[in-house]
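Visitor: Kindly return the folded structure for what I paste below:
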Amino acid sequence: MKKEMIKTLYFGDDGKIPNNAFYPLTLYRAALENHDAMALFNKNNWTNAWQNGVFPYHHYHSNTHEVLAIVKGEASITFGGEKGETIRVEKGDVVVIPAGVGHKREQASSDFLVVGAYPDGRDHDLRTGEPNERPTVLENIQNVPVPEFDPVFGRDGPLKKSWTKQ
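Guide: Numbering: from 1, shown residues only. This is a model prediction of the structure:
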């Protein structure tokens, strides 16, 4: 994959959505042109998969990272909370979302469909940035391990290079 097809974004804590100080959101453009997303994720040990859309409100997972593959349509998704960045995604794109990074669907085509999965098949919590979540989620986010495999490129994929705690 060409380097220009990979985009990484860091998001700081906005006071509501904690985001992730250690790992960037990683966007792979046109990564799934001829792949079955669910089979590819399973092969790379990102399991507990589902198919649906993205919630139309800011939310995040404090206890696991998440991968989203756009398998149909297109959408605008805001990552990083209200002060984050809105990104247009389309069929074939894959977004690897670190634990704590907020995401919200702003707009989507009528056929928009994603496949989502989690490293090692982890169960995920659903957090929305409520004040009472803070003490627990900050500790959870720090304790989520780096996945052994990149969900798209496997053991030696780009994620292993960009997801190292400094």
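Visitor: Can you pull up the most central residue in this protein?
Guide: Ile97 (2.1 Å; C-alpha atoms, centre = their mean).
Visitor: So what sits opposite that one in the bridge?
Guide: Glu66 (DSSP bridges).
Visitor: Averaging pLDDT per element, find the lowest-scoring helix or strand in the protein.
Guide: Lowest by mean pLDDT, DSSP states H and E among the helices and strands of the chain is helix 158-162, with a mean of 90.
Visitor: packing partners for that helix?
Guide: Secondary-structure packing of helix 158-162 (3 or more C-beta pairs under 8 Å, 6 or more residues apart in numbering; DSSP states H and E): strand 25-28. Every C-beta, even on glycine, is put in place using the N, C-alpha and C of the backbone.
Visitor: mind running it again at 10 Å?
Guide: In terms of contacts (3 or more C-beta pairs under 10 Å, 6 or more residues apart in numbering; DSSP states H and E), helix 158-162 is packed against strand 6-9, strand 25-28, strand 94-97.
Visitor: average pLDDT across the second one?
Guide: Going back to what we said before, that points to strand 25-28. Strand 25-28 shows a mean pLDDT of 98.
Visitor: In CSV, could you pull the C-alpha coordinates for it?
Guide: Output in CSV follows, covering the C-alpha atoms of strand 25-28 (Å, rounded to 0.1, in the frame of the first residue of the first chain):
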residue,chain,number,x,y,z
LEU,A,25,-6.5,6.8,14.5
THR,A,26,-5.3,5.1,11.3
LEU,A,27,-7.2,5.4,8.0
TYR,A,28,-6.4,3.1,5.1
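Visitor: Show me what the helix or strand that that strand is followed by is packed up against.
Guide: Where DSSP states H and E defines the elements, the next helix or strand beyond strand 25-28 is helix 37-43. Applying 3+ C-beta pairs under 10 Å, 6+ apart, one finds that helix 37-43 contacts strand 46-52, strand 66-72, strand 94-97, strand 113-119.
Visitor: so which of these comes closest to Gly154?
Guide: Comparison of the helices and strands packed on helix 37-43 against Gly154 by C-beta to C-beta identifies strand 46-52 as nearest, at 10.6 Å.
Visitor: now the angle from that closest one to strand 113-119?
Guide: Angle between the axes of strand 46-52 and strand 113-119 is 160 degrees (criterion: axes from the mean of the first three to the mean of the last three C-alpha atoms, to 10 degrees).
Visitor: what are the phi and psi angles of the most far-flung residue of the chain relative to its centre?
Guide: Residue farthest from the centre of the chain, counting by C-alpha atoms, centre = their mean, is Asn132 at 23.6 Å. Reported as degrees, to the nearest 10, the phi and psi values for Asn132 are phi -70, psi -10.
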